[in-house]
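Colleague: A structural model of the following input is requested.
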Amino acid sequence: MQLRDAITTRRMVRRFDAEREVAGEVLQRIVELGPRAPSAGFSQGWDFVVLRGTERDAFWAASTDGGAPDAWLRGVSSAPVLIVCCSDRGAYLDRYAEPDKPWPDRSESHWPAPYWDVDTGMAAMLMLLGAVDEGLGALFFGVPVERLTAVREALAIPQDRGVVGVIALGYAESVAPSGSTRKVRRRPLSEVVHAGRFGDPWH
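Modeller: Okay, here's the model as predicted:
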């Protein structure tokens, strides 16, 4: 598959075929793509917790309230693989305190955005595209703020790691559009691309 095709056909999948497992070699190829993402200063401040089979149970128990699952949860929890994407802020502060970088004080105030989260998100996107290339479906979703501590404890994620999001991975039960794409239009280039100055139209 060509890269452009993977990008233009990628969709967030919310219902998976629970009967179809993801082969180990396929999962390996997808996971290998994450660390190929760019990172500021080549800090590589990311970690990925891969959950398969019964390993997923601890995540779902920690991230939900234990009540009757709604349609979203029933669909997403059928994914045979979860990849919890974690960011490491300290790796960036340490890297940019080194002699070849400008911020020995390790202050976060120098950073215009939390690049540890940004770069982890880019790593997740590479895995989402890898899933498309392998003929799989995937969804990137967040952990509710009130459940973050429980998820960290259930998966032994250190307190100094941020939980940026989770990739649900498997074979799509349906390729029909789902979620907000059914209601919200994609913004055209004329709205989001500006030529020279913000607000000047792109031709």
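
Colleague: quick one: the strands in this protein?
Modeller: 46-52, 81-88, 137-141, 161-170 (DSSP state E).

Colleague: and of the ones you listed, who's closest to residue 187?
Modeller: strand 137-141 (19.2 Å; Cβ to Cβ). Every residue, glycine included, has its C-beta placed from N, CA and C.

Colleague: if we can go back for a sec, okay, the strands of the chain in JSON lines with distance to residue 3, mean pLDDT and mean neighbour count next?
Modeller: Shown next, in JSON lines, are the strands of the chain (distance: least, Cβ to Cβ, whole Å; pLDDT from 0 to 100; neighbours: other Cβ atoms under 10 Å):
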{"stretch": "strand 46-52", "distance to residue 3": "22", "mean pLDDT": "98", "mean neighbour count": "18"}
{"stretch": "strand 81-88", "distance to residue 3": "21", "mean pLDDT": "98", "mean neighbour count": "23"}
{"stretch": "strand 137-141", "distance to residue 3": "16", "mean pLDDT": "97", "mean neighbour count": "21"}
{"stretch": "strand 161-170", "distance to residue 3": "19", "mean pLDDT": "98", "mean neighbour count": "23"}
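
Colleague: got a markdown table for those strands, with distance to residue 198 too?
Modeller: Shown next, in a markdown table, are the strands of the chain (distance: least, Cβ to Cβ, whole Å):
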| stretch | distance to residue 198 |
| --- | --- |
| strand 46-52 | 31 |
| strand 81-88 | 29 |
| strand 137-141 | 28 |
| strand 161-170 | 28 |
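
Colleague: what is the burial count for residue 30?
Modeller: 25 (other Cβ atoms under 10 Å).

Colleague: pretty sure it contacts residue 169?
Modeller: Yes - between residue 30 and residue 169 there is a contact at 7.1 Å, judged by Cβ atoms under 8 Å.

Colleague: any residues in contact with both of the two?
Modeller: The contact sets of residue 30 and residue 169 overlap at 127, 131, 136 (Cβ atoms under 8 Å, 6 or more residues apart in numbering).

Colleague: out of these, which are inside helices?
Modeller: With DSSP state H as the criterion, helices contain 127, 131 from among those.

Colleague: out of the shared contacts of residue 30 and residue 169, who's nearest residue 18?
Modeller: Nearest to residue 18 among the shared contacts of residue 30 and residue 169, with distances taken as Cβ to Cβ, is residue 136, at 13.8 Å.
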